[in-house]
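Colleague: no sequence on this one, just coordinates:
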């Protein structure tokens, strides 16, 4: 009797999981439904997407039974998460779920589907995207730091040593590096005597100053070339390499200026709207050509930034400039200051992306609640945000590190680090100063740098 009971228990032990599976309808392909062929080809997969790797593209061929991935060469290929959308009557055999991770380096990676009692096998193939080598082209930027450079009043020299603090940090074992900013905005407000936008100097910059600004950025050993060299030095220690994206500033053609210079033999008069637009278009072409000629193998020109932080003097010219930039397959950026004219009209003005300035750091009379207000505004108007500080954040510079900490804490509380792209105003060299400052400065630098590095790794799926 005891043996019979034991045999019966063993039978239940073996059969119980099978009974559960048979009652789990999610694991049973629908045998009665068959996907409807279209043009003679059965659509087993309706659509597919990569959900954890920026820049990776997925296509599929239902006729040849192939899922084809194009992925930037710098991205990890062992943990690609793909989401499949299947036709009615098609179900997964392996992997078990429609959203799953795939190892593209496994040469035998396959997807097994079931439809109408038949098993369908898709091969998974991939190739590196060579387009990453392009010097020009719009691209997503998660963390963009502002590099003020070009004015006679600047004491900072943006050489490779200086830029180390902006390119990468050591990982915990200090054997490898973690990437920091993926975007660098080069800009200047005046050259010492002439302004690149209204309000910075009594005299407006001319064509010669516009040209001189870019020439300065391309000098050997500094600015763009120093950044390119610095990235090259880091690449052996940070294997998930991707080009850093460059955004170049566009000076404002200041209204009524008459001494800007000539274009095609014509003396430009900025009391004419069309002359102002033509000058900016010419400068866009000039910047693109100079960038191409520089052959900066680690940098990609991704777009242009409008220097004027208010729309007052440029409302009538921005849309045509925006259209011209888009025709070059580039993006148009803006960072309006708090409550400036036109800040919430950014889309109508033609910008692809705008960052809200909280303007909290710079005055102790501004309450901490400003951070929450700026976050709320950004969410309401579809904007991203700027994190702001300068050398006063350091102990030696003024001890305002607590105000930078308020940004960090406020952005954490409002989900900014998880949900938003960010621009970083740091005066001119403040991040470098923090990295090389006292114990408190270094701790503040490390906290912010770790946040940026983690954002980069999540954003690019590394």
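Modeller: Nice, thanks for sending it over. Keep in mind it's a predicted model, so treat the numbers as computed, not measured. Numbering: from 1, shown residues only.
Colleague: Nearest to the spatial middle of this protein, which residue is it?
Modeller: residue 141 (1.5 Å; CA atoms, centre = their mean).
Colleague: number of nearby residues for residue 343?
Modeller: Other residues within reach of residue 343, judged by other CB atoms under 10 Å, total 22. (Glycine included, C-beta is placed from N, CA and C.)
Colleague: pretty sure it contacts residue 359?
Modeller: No. Counting by CB atoms under 8 Å, residue 343 stays clear of residue 359, with 11.2 Å between them.
Colleague: what do the two both touch?
Modeller: residue 337 (CB atoms under 8 Å, 6 or more residues apart in numbering).
Colleague: one step back: element containing the residue nearest to the centre of the chain, please.
Modeller: Per DSSP states H and E, residue 141 falls between elements, in no helix or strand.
Colleague: now swap in residue 278 and tell me
Modeller: Take DSSP H and E as the rule and residue 278 turns out to sit in helix 273-294.
Colleague: Just the buried positions in that helix, please.
Modeller: Along helix 273-294, these residues count as buried under the neighbour rule (16 or more other CB atoms under 10 Å): 275-281, 283-284, 287-288, 290-291, 294.
Colleague: Looking at these, which one is closest to residue 206?
Modeller: residue 279 (10.2 Å; CB to CB).
Colleague: Tell me who's in contact with the closest residue in space to that closest one that isn't next to it in sequence.
Modeller: Closest residue to residue 279 apart from its sequence neighbours, by CB to CB, 6 or more residues apart in numbering: residue 253 at 4.9 Å. Residues near residue 253 by CB under 8 Å, 6+ apart: 260, 270, 275-277, 279-280, 317.
Colleague: Okay, residue 253 and residue 421: tell me how far apart.
Modeller: Distance, residue 253 to residue 421, by CB to CB, to the nearest Å: 28 Å.
Colleague: And the helix or strand hosting residue 184, what does it pack against?
Modeller: For residue 184, the element it lies in under DSSP H and E is strand 183-187. Using 3 or more CB pairs under 8 Å, 6 or more residues apart in numbering; DSSP states H and E, the elements in contact with strand 183-187 are strand 143-148, helix 223-234, strand 244-250, strand 299-306.
Colleague: Specify the angle between the last one and strand 183-187 in degrees.
Modeller: Our comparison of strand 299-306 with strand 183-187, counting by axes from the mean of the first three to the mean of the last three CA atoms, to 10 degrees, yields an angle of 50 degrees.
Colleague: Averaged pLDDT, strand 299-306. What do you get?
Modeller: For strand 299-306, the mean per-residue pLDDT is 98.
Colleague: please begin residue numbering at 533 from this point
Modeller: Taking 533 as the first residue, the last one we looked at is strand 831-838.
Colleague: neighbouring contacts of that strand?
Modeller: Strand 831-838 has contacts (CB under 8 Å, 6+ apart) with 666-671, 673, 715, 717, 719, 756, 759-760, 763, 775-782, 784, 816, 819-820, 823, 846, 850, 857, 862-867, 883-884.
Colleague: Kindly report the same for the third one.
Modeller: Surrounding strand 776-782, the residues in contact under the criterion CB under 8 Å, 6+ apart are 671, 673, 676, 699, 713-720, 728, 746, 756, 759, 763, 812, 815-816, 819, 823, 830-839, 853, 863, 865.
Colleague: who does the next helix or strand after that strand touch, helix- and strand-wise?
Modeller: Next helix or strand after strand 776-782 toward the C-terminus (DSSP H and E): strand 794-795. In terms of contacts (3+ CB pairs under 8 Å, 6+ apart), strand 794-795 is packed against helix 805-826.
Colleague: All the strands of the stretch 883-994 of the chain, in order from the start?
Modeller: 885-888, 916-920, 954-957 (DSSP state E, counting those that start in this stretch).
Colleague: could I get those as JSON lines with mean neighbour count, mean pLDDT and distance to residue 624?
Modeller: As requested, these are arranged in JSON lines below (neighbours: other CB atoms under 10 Å; pLDDT from 0 to 100; distance: least, CB to CB, whole Å):
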{"stretch": "strand 885-888", "mean neighbour count": "25", "mean pLDDT": "98", "distance to residue 624": "38"}
{"stretch": "strand 916-920", "mean neighbour count": "24", "mean pLDDT": "99", "distance to residue 624": "37"}
{"stretch": "strand 954-957", "mean neighbour count": "23", "mean pLDDT": "99", "distance to residue 624": "38"}
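Colleague: residues contacting the closest residue to residue 900 other than its chain neighbours?
Modeller: Take residue 900 and drop its neighbours on the chain: the residue closest to it by CB to CB, 6+ apart is residue 938, 5.4 Å away. If a contact means CB under 8 Å, 6+ apart, then residue 938 has 892, 900, 903 as its contacts.
Colleague: List the buried residues for stretch 905-917?
Modeller: By 16+ other CB under 10 Å, the buried positions in stretch 905-917 come out as 906-907, 909-911, 915-917.
Colleague: pLDDT weak spots in the stretch 883-994 of the chain?
Modeller: Scanning the stretch 883-994 of the chain for pLDDT under 70 picks out the ranges 994.
Colleague: try 90 this time
Modeller: Residues of the stretch 883-994 of the chain meeting the criterion pLDDT under 90: 991-994.
Colleague: For burial, what's the neighbour tally of residue 629?
Modeller: Neighbourhood size, residue 629 [other CB under 10 Å]: 9.
Colleague: where do the strands sit along the stretch 533-682 of the chain?
Modeller: In chain order, the stretch 533-682 of the chain shows strands spanning 569-570, 573-574, 577-582, 589-593, 598-604, 612-618, 622-626, 631-634, 642-647, 650-661, 675-680, with DSSP E, counting those that start in this stretch as the criterion.
Colleague: Just give the strands next to the fifth one in its sheet, each with its orientation.
Modeller: Pointing back at strand 598-604 there. Strand 598-604 sits in its sheet next to strand 589-593 (antiparallel), strand 650-661 (parallel), going by DSSP bridges.
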